[in-house]
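Colleague: Make a model of this:
(one chain, ligands or ions: 2)
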Amino acid sequence: MSQNQEPIPCGHSRAILPCKFCETINCKSCTDFVEPHEFQYGIGTDLYVEAGSYCKSCYQQKVIPVLEQYEETLKKAKNINIYDITQSKETRRISRKEPWIEVKDVLDRDEALIRMAFIAVIRNFNTLIDVDIKSVKVQNGTYQHSVWTGRSRPTDY
Ligand SMILES: [Zn+2]
Ligand SMILES: [Zn+2]
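Modeller: Residues are numbered from 1 along each chain as shown. Ligands and ions are numbered 1, 2, ... in the order given. Next comes the predicted model:
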């Protein structure tokens, strides 16, 4: 970050925020922000934008289109058919040729499920079967907490 008084591209003073895409430095009012949880279910997919500051032009051209697709995908992900691993009777006739979708180190059970559903929708499936989500204890010094791992198979039903 530069500490000198050179004019910045937006023409204002107090240049503090480099755009994460084009690295142009702008003032706060010429910057748009992606909040830390805004794309949380898109982690590991193309529908993800890192939290941080973006110049207005990159935000319009590169963040908004991803955000629109992200929101549409998330809406579908919340509505897909879900069959738990224990429901093998109901799903025994369903094809299992697709590889497993796996997620790791997720903070809660619901998020693990939506993350897998999100990936399934991106791949054009409408159903998850053999859904198996488990918590794993993680020891971090004297501090212990749980994270969740999940796997499931995407399919069309
Ligand atoms: Zn930019
Ligand atoms: Zn400015």
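Colleague: Near ligand 2, which residues of the chain are found?
Modeller: For the chain, the residues in contact with ligand 2 (C-beta under 5 Å from the ion) are 10, 12, 27, 30. From N, CA and C alone the C-beta is placed, and that goes for glycine too.
Colleague: how many neighbours does the first one have?
Modeller: In this case it means C10. As a burial measure, C10 scores 16 neighbours (other C-beta atoms under 10 Å).
Colleague: and K76, how many neighbours?
Modeller: Neighbours of K76 using other C-beta under 10 Å come to 15.
Colleague: Over to the residue nearest to it when sequence neighbours are not counted. Which of the three states is it?
Modeller: Once flanking residues are discounted, K76 sits nearest to V121: 4.6 Å by C-beta to C-beta, 6 or more residues apart in numbering. State at V121, reduced to three classes by DSSP: H, G, I helix; E, B strand; the rest coil: helix.
Colleague: what's the neighbour count on V121?
Modeller: Per other C-beta under 10 Å, the neighbour tally for V121 reads 23.
Colleague: How about K62?
Modeller: Neighbours of K62 (other C-beta under 10 Å): 17.
Colleague: Please apply the same query to V49.
Modeller: V49: 20 neighbours (other C-beta under 10 Å).
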